[in-house]
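S.K.: Provided below are the primary sequence and the corresponding predicted coordinates.
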Amino acid sequence: MLKGKVVGTIVSTNKFDSLRGYKFLEIQLKEKDELTDRYIIAVDRSISAGIGEEVLVVTGSSARAAVGDINAPVDAVVAGIIDKLQF
Amino acid sequence: MLKGKVVGTIVSTNKFDSLRGYKFLEIQLKEKDELTDRYIIAVDRSISAGIGEEVLVVTGSSARAAVGDINAPVDAVVAGIIDKLQF
Amino acid sequence: MLKGKVVGTIVSTNKFDSLRGYKFLEIQLKEKDELTDRYIIAVDRSISAGIGEEVLVVTGSSARAAVGDINAPVDAVVAGIIDKLQF
Amino acid sequence: MLKGKVVGTIVSTNKFDSLRGYKFLEIQLKEKDELTDRYIIAVDRSISAGIGEEVLVVTGSSARAAVGDINAPVDAVVAGIIDKLQF
Amino acid sequence: MLKGKVVGTIVSTNKFDSLRGYKFLEIQLKEKDELTDRYIIAVDRSISAGIGEEVLVVTGSSARAAVGDINAPVDAVVAGIIDKLQF
């Protein structure tokens, strides 16, 4: 999984019908304590992450498993909000 | 998902029969507000994105799910046009 | 597979129900003898790797195979502890 | 999909039996008009691309779909020859 | 597929039961004629590649297809020994 900070919401009117109702978040990836200059766009179905929150992102075909629809056209999904990194 | 700007159309005569009728767009990837020097080629089946438009791209096996044909030989598909990034 | 050093545990309260009981480790990736500045978050289901240990990580859809649940929303799993690299 | 220029053919005698008869091309990846210093090895089953030609490459599990054998041990396949990039 | 030079064998005692008997090789990736500073760990089931040999590596879900066990928790497999690159 990847982790990152939510920086915004993608607004898209003309998209696949199968994506109607999905919320797309742009997420700035983080390596341990450092924000990088790489981003990923992930679907948030049930976590309701807000701007600035740190989230866990599941990618690839596992993202389809994560939304519970093996035919969903998504490749990255927000799987949880990260409270902290414990040592 | 990834996002990027459509920069051109790939013309290919000698290709898999199963790819006949597919439109291939070359897309310059974007990290938040910055265009990068990385590109991806994605199929556009139903969105009809034009040159210069910003699009959402689904990759990997989820791209096959996105075109509704689990046997389609494609690994990246245009899933929508991005209107804006909201904060 | 990738290898890396366990650097911490991710604490997440608000996450998918299907991830309850999973332990998430943050792992610093290693290229041969060199630690990199890239990290991955992997599930540890049965290996019980501790902070500082070097582990083997399986990624992608193979991670779901690794936890024995093809619907598990995970894309990286700790598959073993590395004792040494033999030449 | 990726695109690149065919730079050579990989010769391998000791390989999986299931790969007998496959032609392996080494391909220098191209980002729009620029050749990069990254390469990928892709199977050419039916396109018969020659050295110097620019090709379209399908990767991941979609490559298995592309060769029409879901059990083929390949992760990149030449899907077509690129004639030009149209603006 | 990727190619690279075998640089060592990973020794792991505490690992998934399903990985018992698998040989794990650390492989230094090569771009055409240049060794990189990137490495991957791949399973060698039947090729018996030795230290210093150049090998072809299949990655992702295709690696599971390559070992003939769609549930094998592996994401990279040695598929052949490279004799040479022909122009």
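M.R.: In hand now; what should we look at?
S.K.: near chain B, which residues of chain A are found?
M.R.: A:7-16, A:18-19, A:24, A:26, A:28, A:37-43, A:51, A:60-61, A:63-64, A:70-76 (C-beta under 8 Å from any C-beta of the partner chain). For every residue, glycine as well, the C-beta is placed using N, CA and C.
S.K.: looking at those residues, which are in helices?
M.R.: A:61, A:63-64 (DSSP state H).
S.K.: follow-up on the earlier one: just the ones in strands from the residues of chain A next to chain B, please.
M.R.: Counted as lying in strands by DSSP state E, out of the residues of chain A next to chain B, are A:7-11, A:24, A:26, A:28, A:37-43, A:76.
S.K.: related to what we said a few turns ago, let me know the closest of the ones in helices among the residues of chain A next to chain B to chain B.
M.R.: Each of those was checked against chain B using C-beta to the nearest C-beta; the closest is A:Ser61, at 4.7 Å.
S.K.: would you check that the closest one makes contact with B:Thr59?
M.R.: No - if you go by C-beta atoms under 8 Å, A:Ser61 and B:Thr59 don't touch, sitting 10.6 Å apart.
S.K.: which of the residues of chain A next to chain B count as buried?
M.R.: A:7-10, A:12, A:15-16, A:18-19, A:24, A:26, A:28, A:39-43, A:60-61, A:63-64, A:72-76 (16 or more other C-beta atoms under 10 Å in any protein chain shown).
S.K.: for the residue in chain A positioned nearest to chain B, give me its contacts.
M.R.: Relative to chain B, the nearest point of chain A is A:Lys15 (2.8 Å; C-beta to the nearest C-beta). Listed by C-beta atoms under 8 Å, 6 or more residues apart in numbering or on different chains, the contact partners of A:Lys15 are B:47, B:56, B:79-81.
S.K.: next one: A:Gly4
M.R.: A:27-30, A:35, A:39-40, A:54-55, A:57.
S.K.: quick check: bridge partners of it?
M.R.: A:Leu29, A:Val55 (DSSP bridges).
S.K.: gap between the two ends of stretch A:63-75?
M.R.: With C-alpha to C-alpha, to the nearest Å as the measure, stretch A:63-75 spans 5 Å from end to end.
S.K.: wait, does it contact chain D?
M.R.: No - Stretch A:63-75 does not reach chain D (C-beta under 8 Å from any C-beta); its nearest approach is 10.8 Å.
S.K.: and that stretch, does that touch chain E?
M.R.: No - figure legend: stretch A:63-75 not in contact with chain E (C-beta under 8 Å from any C-beta); closest approach 13.0 Å.
S.K.: close to chain C, is that stretch?
M.R.: Yes - contact of stretch A:63-75 with chain C (C-beta under 8 Å from any C-beta) involves A:63, A:65-66.
S.K.: which PyMOL command selects the buried ones in the contacts of A:Gly4?
M.R.: Per 16+ other C-beta under 10 Å, the buried members of the contacts of A:Gly4 correspond to this PyMOL selection:
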select buried, chain A and resi 27+28+29+30+39+40+54+55+57
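S.K.: alongside chain E, which residues does chain A contribute?
M.R.: A:Ser61.
S.K.: and if we set it to 6 Å?
M.R.: By C-beta under 6 Å from any C-beta of the partner chain, no part of chain A sits against chain E.
S.K.: thinking again about what came up before, let's have the ones in helices among the residues of chain A next to chain B in TSV, adding pLDDT.
M.R.: Formatted as TSV, these follow (pLDDT from 0 to 100):
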residue	pLDDT
A:Ser61	93
A:Ala63	94
A:Arg64	92
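S.K.: return the member of these nearest to chain E.
M.R.: Taking those together and measuring to chain E by C-beta to the nearest C-beta, the closest member is A:Ser61, at 7.7 Å.
S.K.: next, the contact list for that closest one, please.
M.R.: B:61, C:61 (C-beta atoms under 6 Å, 6 or more residues apart in numbering or on different chains).
S.K.: ok, now how distant is it from D:Ser61?
M.R.: As for A:Ser61, its distance to D:Ser61 is 8 Å (criterion: C-beta to C-beta, to the nearest Å).
S.K.: burial of A:Met1, as a residue count?
M.R.: 24 (other C-beta atoms under 10 Å in any protein chain shown).
S.K.: quick check: beta-bridge partners of the closest residue to it other than its chain neighbours?
M.R.: Excluding its sequence neighbours, the residue lying closest to A:Met1 (C-beta to C-beta, 6 or more residues apart in numbering or on different chains) is C:Ile41, at 4.1 Å. Counting by DSSP bridges, C:Ile41 is bridged to C:Glu26.
S.K.: doesn't C:Tyr22 make contact with C:Ile41?
M.R.: No - in this structure, C:Ile41 is not within contact of C:Tyr22 by C-beta atoms under 6 Å, at 10.8 Å.
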